[in-house]
Structures are given as C-alpha cells and as structure tokens.
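Colleague: Build me a structure from this.
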Amino acid sequence: MLKELGKYKIIKQLSTGSAANIYLAVQKNLERQVVIKQLMREFSLHKKLVARFEQEAKVISSLRYDSIIHIYDYWKKGNSYYIVMEYVSGKTLKEILHQTSFFPKTEGLIIFYEILKALEYAHNQGVVHRDLKPANIMISEEGRLKILDFGIAHVVEKNMTNMGVVIGTYSYMSPEQAIGNKIDHRSDIFSLGIVMYELLCGKKPFKKDEQGEVTDKIINQKPLSVRKINSQIPWGVGRIIKKCLRKKPNKRFQDTGQIKKKLEKYIRKLPVDHQSVLKKFVEDSTPLPDQKTVLMEKIEKKEKKEKRKKKKKSKIKEKIAKLKDFLKITKTPRFRIFIITMLLFIILIEIEVLFNFFNITLSVQKEWLISSGKWIFLMTKKMGHKVGEWR
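Modeller: Model (predicted):
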C-alpha cells in the first residue's frame, strides 16, 4: 500500500471500487484529514476517459455548497490520476439502514429535503450526479448531510460502456440510464425516488429475484406503493415518490424545485433545526434487532396480504368468465327450448297433484296426461323447426 503521495501521508485504504482506490490521508502542511481517490491504472491509459475525469473534477471542485463534498486537489503522477476530497466523519445512509432497517418519518423527510436542496444547486450549475445511492450520501457527526462522489462515478461509467465494462449501481439507475440512452438531471430525480423509497420502506423498489433482473424491473415494472409498506408515510409524500419513479423522463417532475415546493408543506410541520435532528439520529442509530424484526415481519405480512388479494381477484375473474360463458349459453335457442320444456313438465306435475287433491278419477288423469304429453311433443317439435330457421 502507498505510504505517501506528495504532501499527503496515507493512513489507510478505505475501499477499492470498480474504477478507483480510496485512501484516508493527512494533508501534512495543514494537518487535516482528507480522502484521496486514485483512478485505476487500466482506466488511466485511455486519453478520452482521463480528459473527462479531469474536466469533471474541475467542474465539481467549483461547486460551493455545504451538502456537497468539496474537492481540494487534482493531479497526475506517472500514469496515475488523483483527486483529493474533503473527509467527513459520520455514517452513510447505507450504514444507517443496516443498523435501523428503515428511517423514521421525521428524519426521512428532512433527509429528502436536504438532498433536494443540494441537487437543485448542482443542477442549476449544470452538474448531474448520475450515481445517487445511500452509500454516496452521508450524515456527519455534526448532523450535516453530505453527498459524496458527485459526478465522478458517471465519468468512468459512461466512457467504459464503449470498452465493454459496466460500472455503476444498477439498483439505483433510471430506465434511460439502464438502456444507455442520453441522461439529464431527471435521471437524478428517478434515482432520488429509489433512495427515498428504500429509506422510508426499508427495501428497494426494484431488486433482483426469481421474477427477473433489476434492469428489466426498472424499465418495465411498477413498484408497490410506499404507503402499502409503511402507512406512516404521508399520502402526499407517497405521491411525490411515485411521480419521481415514472418510467418516462417527461412524466416525472421536471426539476427538483417542483419537488421541494410540494415537500415544504410537510417540512413546515417538522423541527426547524434539521442539523440537530440528524445529529441525534446518527448518535442514536445503533443496531435495533427488535425494530428490524418487527419491520421485516410487517413487510412480509403486507406482501402476503397483497398476494392473497391478487389470488382473490384472479378467482373472482375466473368466476366472472364462467358466468359470462354460461350467459352466452342461455342466449342460444336450444337452451330456451330446454327451459320451456322443463317448465311445461313442472306444470303437468303440479296439475297431477291437484287432480289427486280433488279426487279426480284415474281414467280422467290418464287421458289428460296423454293429451298434454302429445301437445308438449308437438310444441317441442315446432320449436325445433324454428331453431332450424333461426340458424
């Protein structure tokens, strides 16, 4: 492992991504901790990729917003390229999800609002994140929300597509991103919808299972309503998330300002000091097995309930189909003849009962029954001829 990079002393390697190595370091002259991202050597050999990586680093470094991670430096050494970023001590939303399973309504809505403000600023500067996910969003120990890796992942991902390498997180991609179409700020809105769905419900709206791949579901499947999983979510917030997750970009919110305006109705009812709320939440977000168990049981129950409803609906549909088939039969001439004949025989039986009641002689009964039987036979025969004519 590297020990020093110019004026930076490497403390430890934090992670190895699909395109870069991440190190925790100390800037010696200022005695501050920083994060260094090193572009992997195999990618640094591609001039176009490096040019885009450098250009993106310059653009992101120009962003000056508290909720967006700051870039301090960018340089090249040999065939390696480095970006130095602000170090934030805290927890990512992904880490908190592993601990608490889902976010309470208050904290969830505050995070939603803070992300929207950061995205609105970036989009107004012409910058799109393109890799928004819980692992790239952090809450610092002071309670400040920070969006990490702003735009860097997309530079690699977009250029590597032509090289036959897929880099990125499919579970959080928009449909247009998943199929390789041109993307804009509305792609971030779709990804934000997925992030908020997962935070408030404790599960992703699209995930790989026996029913299909993630990308196929993102492109074709409608997710289950958030309120069916977590009824504590306000109805209006559920509608906002639903619109964020529309498949076609022109059907979604067209900018983050529209979402922010709708969300402010609910934010006004929450504590004004968002930072204090998030700070306490990070401090308290320790593993809660009971809470996790209860939530997962609740989700499983709701999923089973939905399956039962679907089965019930399919059974009702089958019964309706059978009834329709039966009604079609009742409209046929043969069925009409059958019904009329049966009615005539019932009348005959009733008449015979009356004969017995009034003690009418057996010979009269026989004569009447024979003549009635002949009449029914002739009537049925005539109706049969009519059926032939109807056909």
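Colleague: where along the stretch 251-391 of the chain do the helices fall?
Modeller: Assigned by DSSP state H, counting those that start in this stretch, the stretch 251-391 of the chain shows helices spanning 256-267, 274-284, 289-330, 333-357, 362-390.
Colleague: Okay, I137 and K3: tell me how far apart.
Modeller: 31 Å (Cβ to Cβ, to the nearest Å). Glycine gets a C-beta too; all of them are placed from N, C-alpha and C.
Colleague: Between these two, which is the more surrounded one?
Modeller: Neighbours were counted for I137 and for K3 using other Cβ atoms under 10 Å; I137 has more, 25 against 7.
Colleague: Dihedrals phi and psi, that one?
Modeller: Backbone torsions of I137, given as degrees, to the nearest 10, read phi -130, psi 130.
Colleague: mind checking pLDDT for it?
Modeller: What the model reports for I137 is a pLDDT of 93.
Colleague: give the contact list for it.
Modeller: By Cβ atoms under 8 Å, 6 or more residues apart in numbering, the contact list for I137 reads 92-93, 111, 115, 145-148, 195.
Colleague: can you tell me which of those lies nearest to V127?
Modeller: Checking the contacts of I137 against V127 by Cβ to Cβ gives I147 as the nearest, at 11.0 Å.
Colleague: if we take the contacts of I137, which one ends up nearest to D216?
Modeller: Nearest member of the contacts of I137 to D216, counting by Cβ to Cβ, is V195, at 20.4 Å.
Colleague: host element of that closest one?
Modeller: Assessed by DSSP states H and E, V195 sits inside helix 185-201.
Colleague: helix/strand/coil for the closest residue to L39 other than its chain neighbours?
Modeller: Once flanking residues are discounted, L39 sits nearest to Y81: 4.2 Å by Cβ to Cβ, 6 or more residues apart in numbering. Secondary structure for Y81, judged by DSSP: H, G, I helix; E, B strand; the rest coil, is strand.
Colleague: do you know how far Y81 is from A25?
Modeller: In terms of Cβ to Cβ, Y81 sits 16 Å off from A25.
Colleague: Quick check: which ranges of the stretch 51-200 of the chain have low pLDDT?
Modeller: Within the stretch 51-200 of the chain, the stretches with pLDDT under 70 are 150-168.
Colleague: switch the cut-off to 80
Modeller: 51-60, 78-79, 149-169 (pLDDT under 80).
Colleague: For stretch 133-146, list the C-alpha coordinates in PDB.
Modeller: The C-alpha coordinates for stretch 133-146 follow below in PDB (Å, rounded to 0.1, in the frame of the first residue of the first chain):
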ATOM      1  CA  LYS A 133     -27.500   6.000  -3.800                       C
ATOM      2  CA  PRO A 134     -27.400   5.500   0.100                       C
ATOM      3  CA  ALA A 135     -23.700   4.600   0.000                       C
ATOM      4  CA  ASN A 136     -23.000   8.000  -1.600                       C
ATOM      5  CA  ILE A 137     -24.900  10.100   0.900                       C
ATOM      6  CA  MET A 138     -23.600  10.700   4.400                       C
ATOM      7  CA  ILE A 139     -24.700  12.300   7.700                       C
ATOM      8  CA  SER A 140     -21.800  13.800   9.500                       C
ATOM      9  CA  GLU A 141     -21.300  13.600  13.300                       C
ATOM     10  CA  GLU A 142     -22.400  17.300  13.400                       C
ATOM     11  CA  GLY A 143     -25.700  16.300  11.700                       C
ATOM     12  CA  ARG A 144     -24.800  17.800   8.200                       C
ATOM     13  CA  LEU A 145     -25.900  15.900   5.200                       C
ATOM     14  CA  LYS A 146     -23.200  15.400   2.600                       C
END
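Colleague: Could you verify my assumption that the residue nearest to L39 touches I36?
Modeller: No. Between Y81 and I36 there is no contact under Cβ atoms under 8 Å: 10.9 Å.
Colleague: Mutual contacts of the two, please.
Modeller: Counting by Cβ under 8 Å, 6+ apart, nothing touches both Y81 and I36.
Colleague: Is I233 in contact with R239, as I believe?
Modeller: No. Using Cβ under 8 Å, I233 is not in contact with R239; the gap is 10.2 Å.
Colleague: more neighbours, those two?
Modeller: Higher neighbour count among I233 and R239: I233, with 23 against 14, using other Cβ under 10 Å.
Colleague: Report the contact partners of the more buried one.
Modeller: 105, 200-201, 226-227.
Colleague: ok, now I111?
Modeller: Applying Cβ under 8 Å, 6+ apart to I111 gives the contacts 93, 103, 137, 139, 145, 199, 278.
Colleague: Adding distance to L45, write these out as CSV.
Modeller: Formatted as CSV, the contacts of I111 follow (distance: Cβ to Cβ, whole Å):
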residue, distance to L45
L93, 34
F103, 42
I137, 32
I139, 37
L145, 37
L199, 39
L278, 42
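Colleague: of these, closest to K58?
Modeller: I137 (23.1 Å).
Colleague: separation between the closest one and K91?
Modeller: Applying Cβ to Cβ, the value for I137 to K91 is 10 Å.
Colleague: For E318, grab the count of nearby residues.
Modeller: For E318, using other Cβ under 10 Å, the count is 10.
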